[in-house]
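Visitor: mind looking at a prediction? Sequence and model below.
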Amino acid sequence: MDEMLEKKGEIIIAVDEALPKQLKFIGLVQQIMGVLTIISGAIMCLTIIGAAAGVPYIIGALNIFKSGGAFGDTSRNESGESLREAIAGLAKGMKLMLIGFVIWIVLYILLMVVIMIITIVAASQGY
């Protein structure tokens, strides 16, 4: 591991002929997943309550889409800066999508509780 570190905070990666193809594929998949997640976030935003989870999904998906473009740039230019940008964008996007997912789970649980309360009240009223 020490031979991989030239100086503190710098990592050297050996680029073989397969790595640019793999980075290009990762970038393409990220862009496709970003578009699909933007669409699903937009569908979530059709309701006011769903927008609480949909907005972080959309913002996170935009970051993931941009990160995919940076991975594509890395595959073409073999630039360390674009690789750093790609990883940072991916991390930010995944964090926002995780926040949206947690909000969605909480809203789903609240919906189930409301349905249970309505069912109990309806049953006690004789409906």
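Guide: Structure's in. What do you need? Numbering: from 1, shown residues only.
Visitor: from now on I want contacts and neighbour counts done on CA atoms only, so please keep to that.
Guide: OK.
Visitor: mind listing what's buried in the helix or strand containing M33?
Guide: Element membership for M33, per DSSP states H and E: helix 18-44. In terms of neighbour count (16 or more other Cα atoms under 10 Å), helix 18-44 has its buried residues at 20, 23-28, 30-35, 37-39, 41-42, 44.
Visitor: packing partners of that helix?
Guide: helix 51-77 (3 or more Cα pairs under 8 Å, 6 or more residues apart in numbering; DSSP states H and E).
Visitor: and the helix it packs on, which residues are buried?
Guide: 51-75.
Visitor: touching, G93 and L62? I think so.
Guide: Yes. Using Cα atoms under 8 Å, G93 makes contact with L62 at a distance of 7.3 Å.
Visitor: and the residue nearest the centre of the protein?
Guide: In the chain, the C-alpha nearest the mean C-alpha coordinate belongs to M94, at 3.6 Å (Cα atoms, centre = their mean).
Visitor: so who does it touch?
Guide: Contact analysis of M94 by Cα atoms under 8 Å, 6 or more residues apart in numbering lists 60, 64.
Visitor: how close does it sit to I59?
Guide: 10 Å (Cα to Cα, to the nearest Å).
Visitor: before we move on, what about G68?
Guide: On the measure of Cα to Cα, G68 and I59 end up 14 Å apart.
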